[in-house]
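Peer 1: Sharing a sequence plus its predicted fold:
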Amino acid sequence: MQNKRLEKQIGFILEVDKLKTIERQTLITDASRQENDAEHSWHLALMALVLGEYAKENTLDLLHVIRMVLIHDLVEIDAGDTYCYDSAGYTDKAQRETVAAERIFNLLPPDQASEFRALWDEFEAGKTAEARFANALDRLQPLMHNAFTEGRMWKKHGIRKSQVVERNQKIEAGAPDLWTFASDLIDKAVDRGQLAPDKSID
């Protein structure tokens, strides 16, 4: 029984190593290459530890947040990374990721499969204090990378200020101070020509 359980757990651990191969539309901060999903998840976990004091709710369970951000993108092993400004890609994103969640989490023993799936569902729903903070970090991290790499990926994809604001204003629900910081980054990026301003209406 124990060996069978361990066999499933090791199988899962080996499978999720594939997260290192999923490339995101975000440059690492030295702009030398795009980051992968495993690096993104690690970065969010560390951000939770460092920035936990800025969560809107001061009774936050940070360990719960860290667990959520470490598993939230595992579904992309099957579903792939959907660029956050790709409206076409978002039409079937939920369906693709739900199918992926069923396969990947069920590689684990049933008790852990249920636990991990519940964490993923909680992150996706974004209704608990921990999920709101986790989602705030998930939006802030790529925004920071874009801002500190001179907006290269924003420019590559023709992204405008209104798109960035619409995507990232949800940071406020989980961490108002971090949204103030993010808003400042957005404004400075526009001022520096790193992010396109909104089209004027004549």
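Peer 2: Arrived safely, thanks for sending.

Peer 1: Now residue 73: which helix or strand?
Peer 2: Using DSSP states H and E, residue 73 maps to neither a helix nor a strand.

Peer 1: Surely it and residue 19 touch.
Peer 2: Yes. Proximity of residue 73 to residue 19 meets the contact threshold set by C-beta atoms under 8 Å, at 6.7 Å. The C-beta positions use only the backbone N, C-alpha and C, and glycine is treated the same way.

Peer 1: The longest strand belonging to the chain: which residues count as buried?
Peer 2: Taking DSSP state E as the assignment, the strand of the chain that covers the most residues is strand 23-27. Across strand 23-27, burial judged by 16 or more other C-beta atoms under 10 Å covers 24, 25, 26, 27.

Peer 1: now stretch 18-25, how far from the chain's geometric center?
Peer 2: A distance of 12 Å separates the C-alpha centroid of stretch 18-25 from that of its chain, computed with C-alpha atoms, centre = their mean, to the nearest Å.

Peer 1: gap between the two ends of that stretch?
Peer 2: 17 Å (C-alpha to C-alpha, to the nearest Å).

Peer 1: what about residue 126, how many neighbours?
Peer 2: Residue 126 has 17 neighbours, counted by other C-beta atoms under 10 Å.

Peer 1: about what we covered before: for the following helix or strand past the longest strand of the chain, name the packing helices and strands.
Peer 2: Using DSSP H and E, the helix or strand that follows strand 23-27 towards the C-terminus is strand 34-36. With contacts taken as 3 or more C-beta pairs under 8 Å, 6 or more residues apart in numbering; DSSP states H and E, strand 34-36 sits against strand 23-27.

Peer 1: thinking again about what came up before, and the longest strand of the chain, what other elements does it pack with?
Peer 2: So strand 23-27, by 3+ C-beta pairs under 8 Å, 6+ apart, packs with strand 34-36, helix 37-51, helix 129-147, helix 152-157.

Peer 1: and it, what's its mean pLDDT?
Peer 2: Confidence over strand 23-27 (mean pLDDT, whole number) is 94.

Peer 1: what about residue 73 and residue 19, which has more around it?
Peer 2: For residue 73 versus residue 19, the count of surrounding residues by other C-beta under 10 Å is larger for residue 73: 24 against 20.

Peer 1: Can you measure across stretch 118-137, start residue to end residue?
Peer 2: First-to-last residue span, stretch 118-137, C-alpha to C-alpha: 19 Å.

Peer 1: Give me the buried positions along that stretch.
Peer 2: For stretch 118-137, the neighbour count (16+ other C-beta under 10 Å) marks 119-120, 122-124, 126, 128-137 as buried.

Peer 1: next one: it to chain centre, how far?
Peer 2: For stretch 118-137, the distance to the chain centre is 11 Å (C-alpha atoms, centre = their mean).

Peer 1: what pLDDT, on average, does it get?
Peer 2: Mean predicted lDDT for stretch 118-137 stands at 98.

Peer 1: For residue 58, see how far away the nearest residue to residue 83 once chain neighbours are set aside is.
Peer 2: Distance criterion C-beta to C-beta, 6 or more residues apart in numbering; nearest residue to residue 83, sequence neighbours excluded, is residue 25 at 4.6 Å. Between residue 25 and residue 58 the computed distance is 34 Å (C-beta to C-beta, to the nearest Å).
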